[in-house]
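Undergrad: One predicted model, sequence on top.
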Amino acid sequence: RKEVEQDPGPFNVPEGATVAFNCTYSNSASQSFFWYRQDCRKEPKLLMSVYSSGNEDGRFTAQLNRASQYISLLIRDSKLSDSATYLCVVSTGGNTGKLIFGQGTTLQVKP
Amino acid sequence: EPEVTQTPSHQVTQMGQEVILRCVPISNHLYFYWYRQILGQKVEFLVSFYNNEISEKSEIFDDQFSVERPDGSNFTLKIRSTKLEDSAMYFCASSLAWELFFGEGSRLTVL
């Protein structure tokens, strides 16, 4: 089983649509959870951390379900500039900073 | 805004040659990392470095690889006797706490 599993997509949506990405992780000892964004041939950039209580940052909402080992990202009112690959990332914590990345889900927002 | 810088942005080398990829982490950061991403695949952890020593390394990071922080500012990844399968984007990252900041990457092409 993959450590972090995502549907690779692509998700093709019109501007203004709401789109949801899901991710599952295999290591129940994982302590920290993130969504990163990666544009084509660029470095990953932190989009947001994910907490069990759920957290929202503008049009983006992230949710964590520890019991199901499931993470989600909801993007409302999609913009053309949201087109990118969204990476689900987990860490087992500690101070080594080892991040486990999912394969990523590609989003294409069309006009 | 402070950033992680990497050089070269692209290096082409012949199989069997040694390469050194250089990184300048953010100046007050304490933890340093190398990740790699083979084209079309996920980002993979290679090594983390703290207090002038390796704190964790992955199975990928075998004797062919080494890291060094020679002068308090640069953080280098050396790949000896490169193989075709070493062709990838290599990302350096640094952190002060939990959030990693990635450089733009060094693309290595082994012919």
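TA: Received, thanks. Numbers count the residues shown, from 1 in each chain, chains lettered A, B, ... in the order given.
Undergrad: What sits closest to the residue nearest in space to the middle of chain B if chain neighbours are left out?
TA: Residue closest to the average C-alpha location in chain B (CA atoms, centre = their mean): B:W34, at 3.6 Å. Distance criterion CB to CB, 6 or more residues apart in numbering or on different chains; nearest residue to B:W34, sequence neighbours excluded, is B:L46 at 4.3 Å. Using the backbone N, CA and C atoms, a C-beta is placed for each residue, glycine as well.
Undergrad: Ok, A:W35 next?
TA: Excluding its sequence neighbours, the residue lying closest to A:W35 (CB to CB, 6+ apart) is A:L47, at 4.5 Å.
Undergrad: what's that neighbour in contact with, if anything?
TA: A:34-37, A:57, A:60, A:73, A:86 (CB atoms under 8 Å, 6 or more residues apart in numbering or on different chains).
Undergrad: now it: how far from A:R66?
TA: 20 Å (CB to CB, to the nearest Å).
Undergrad: Also B:G16?
TA: On the measure of CB to CB, B:G16 and A:R66 end up 47 Å apart.
Undergrad: who has more neighbours, these two?
TA: A:R66 (13 against 10; other CB atoms under 10 Å in any protein chain shown).
Undergrad: Based on its surroundings, how many neighbours for A:S68?
TA: Neighbours around A:S68, by other CB under 10 Å: 8.
Undergrad: And the one 10 residues further on, by the same measure?
TA: Using other CB under 10 Å, A:S78 has 21 other residues around it.
Undergrad: In space, what's closest to B:V12 - neighbours in sequence excluded?
TA: For B:V12, the closest residue by CB to CB, 6+ apart turns out to be B:T109, at 4.7 Å.
Undergrad: And the helices in chain A?
TA: For chain A, no helices are identified by DSSP state H.
Undergrad: and it, which of its residues are near chain B?
TA: A:32, A:38, A:41-46, A:87, A:91, A:95-104 (CB under 8 Å from any CB of the partner chain).
Undergrad: Mark which of those are buried, thanks.
TA: Among the residues of chain A next to chain B, those scoring as buried are A:32, A:38, A:43-44, A:87, A:91, A:96-104 (criterion: 16 or more other CB atoms under 10 Å in any protein chain shown).
Undergrad: pLDDT check: weakest of these?
TA: Ranked by pLDDT, those bottom out at A:T96, which has 62.
Undergrad: Identify the residues contacting residue 32.
TA: No chain specified, so I'll use chain A. For A:S32, the contacting residues are A:49, A:90-91, A:93, B:98, by CB under 8 Å, 6+ apart.
Undergrad: Wait, chain B was what I had in mind.
TA: B:F32 neighbours (CB under 8 Å, 6+ apart): B:23, B:25, B:48-50, B:67, B:69, B:75, B:92-94.
Undergrad: Parallel or antiparallel, which strands does the strand or helix carrying it pair with?
TA: For B:F32, the host element (DSSP states H and E) is strand B:31-37. Here strand B:31-37 has these sheet partners by DSSP bridges: strand B:43-50 (antiparallel), strand B:88-95 (antiparallel).
Undergrad: Alright, I will stop here.
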